[in-house]
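In: sequence and predicted structure are below.
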Amino acid sequence: MRATEGDQLVQHGRVVGQHDKLGEITQVLGENGTPPYRVRFSDGHEAIMSPGPDCVVRHPGRPEEDH
């Protein structure tokens with residue numbers, strides 16, 4: 001998984017009825033775009049995350065790909 005600042009992190013719901021969480025990557029703390037990332041979610045919450053298999057990085061302005 002690789003990301004740059006401004007990319008979106010989508011954390012898929014883990015149980016039936018739970019919605020996906022969408023956040024903006026505001027800082028890449030790993031080398032060459034690798035985790036951990038500082039992420040700001042739409043509710044204003046910020047977290048440092050090392051995303052797992054339930055997450056996808058979206059790159060605005062580029063064709064959609066899963067990483």
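Out: That came through fine.
In: which SSE is the closest residue to residue 33 other than its chain neighbours in?
Out: Leaving aside its chain neighbours, residue 33 sits nearest to residue 2 (3.7 Å; criterion: CB to CB, 6 or more residues apart in numbering). For glycine as for every other residue, the C-beta is placed from the backbone atoms N, C-alpha and C. Here residue 2 is covered by no helix or strand, with elements defined by DSSP states H and E.
In: report the central residue of the chain.
Out: residue 9 (1.9 Å; CA atoms, centre = their mean).
In: after the helix or strand hosting that residue, next one along is what?
Out: Per DSSP H and E: residue 9 is located in strand 8-11. Going down the chain from strand 8-11, the next helix or strand is strand 21-28, by DSSP H and E.
In: the strand holding residue 9: how far from the chain's middle?
Out: Distance, stretch centre to chain centre, for strand 8-11: 3 Å (CA atoms, centre = their mean, to the nearest Å).
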